[in-house]
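Chemist: how would this look folded up:
(one chain, ligands or ions: 2)
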Amino acid sequence: MLHTFSTQKWNETFTDAEQQQTIQSLENGGIIFFPELKFVLTEQEQQFLSPDIADPHAKNISYHADKLWGMQHLSDTGHQQLKSMLARFSHDAHEFIKATLPQYAKHLIIARTSYRPVQICGRVTSYRKDDKRLHVDAFPSAPNQGKRILRVFCNINPHGEERVWRVGEPFDKVARQFLPKINRPIPGSASLLRLLKITKSYRTAYDHYMLQMHNRMKADENYQKRAEQQEIRFPSGSTWIVQTDDVSHAAMQGQYVLEQTFYLPVTAMRDQSRSPLRILERILKQELV
Ligand SMILES: O=C(O)CCC(=O)C(=O)O
Ligand SMILES: [Fe+2]
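Modeler: Ligands and ions are numbered 1, 2, ... in the order given. The predicted structure is shown next:
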């Protein structure tokens, strides 16, 4: 499950053998883990180590295309400084993916950066938004037409608190369990969602099945308890890379994490037959994008 590397620098070079290991591990549903790779905040950035700067209505503080949202109570200067911190993390995470997974580098699409200063444990939210329940990622308003969701997480907790995850069954097993309960997409619904601006791009049949799996996994209390799962504790000062469309996960406890999302076309994979897109297509015996 975890493949551990002793990397300490965001711009470290990886040997050919290590690059083979990282890509293989990731495409087999593993998590690549860097227990000694820290993101060090400047003295000025440490002012952001407080949950009070997060807008309680937003899930996270987000940064993309030079815009910041999901924050509150910041002066103009604070706003700029927090934006710079997220931009700096985004840059480091991108450099790091180029080093660890160079085969992916030129195909990567840089998506949102997030900062999560709120303690997860005890946070109350609707079941669909509740990441304390096992799920595979699928974004309701941002369909990705089969592209992989590749994420870099870094625990920056200043009090040594771990980020505690549960990791569930392999994607193929999750899919075989939930697909039989999911209806086909309603013809015309994807165009309507796009027209009404509910989705930012076209919700393909793939996106429909992924979102339904995400929702049904979270809704199923029995599944949450009974599914095969294991706890993983990511220490503060550690970093991990995971494809969250494929790896069933739940975040149970922890505070202060930075995260960078990338999208990757399946054609950039070494073995695209392992992608959720191709797995769902094999099970359903039809093209989904
Ligand atoms: O915040 C975390 O540790 C992970 C939450 C989660 O499920 C996600 O970001 O997809
Ligand atoms: Fe998730």
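Chemist: M252: neighbour count?
Modeler: 16 (other Cβ atoms under 10 Å). To be clear about C-beta, it is placed using only N, CA and C from the backbone, and glycine gets the same treatment.
Chemist: and the one helix or strand it maps to, what does it pack onto?
Modeler: For M252, the host element (DSSP states H and E) is strand 249-253. Applying 3 or more Cβ pairs under 8 Å, 6 or more residues apart in numbering; DSSP states H and E, we find strand 249-253 packed against strand 163-167.
Chemist: mind listing what the strand it packs on pairs with, with the direction of each?
Modeler: Applying DSSP bridges, strand 163-167 is found paired with strand 230-234 (antiparallel), strand 249-253 (antiparallel).
Chemist: list the buried ones in it?
Modeler: Neighbour counts using 16 or more other Cβ atoms under 10 Å place 163-167 of strand 163-167 among the buried residues.
Chemist: could I get the residues you listed as JSON lines with distance to H208?
Modeler: Output for these, formatted as JSON lines (distance: Cβ to Cβ, whole Å):
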{"residue": "R163", "distance to H208": "31"}
{"residue": "V164", "distance to H208": "31"}
{"residue": "W165", "distance to H208": "27"}
{"residue": "R166", "distance to H208": "26"}
{"residue": "V167", "distance to H208": "25"}
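Chemist: ok, and of these, which contact ligand 1?
Modeler: Among the buried residues of strand 163-167, the ones lying near ligand 1 by Cβ under 6 Å from any ligand atom are R163.
Chemist: Nearest to I32 among the buried residues of strand 163-167?
Modeler: When these are ranked by distance to I32 (Cβ to Cβ), V167 comes first, at 13.3 Å.
Chemist: beta partners of that closest one?
Modeler: Listed by DSSP bridges, the beta-bridge partners for V167 are Q230, H249.
Chemist: That one touches Q230, doesn't it?
Modeler: Yes: counting by Cβ atoms under 8 Å, Q230 is a contact partner of V167 at 5.6 Å.
Chemist: what do the two both touch?
Modeler: M1 (Cβ atoms under 8 Å, 6 or more residues apart in numbering).
Chemist: Quick check: closest non-adjacent residue to N144.
Modeler: Nearest non-adjacent residue to N144, counting by Cβ to Cβ, 6 or more residues apart in numbering: Y263, 5.6 Å away.
Chemist: Can you tell me the element that neighbour falls in?
Modeler: Y263 is part of strand 257-264 when elements are defined by DSSP H and E.
Chemist: Thank you, goodbye.
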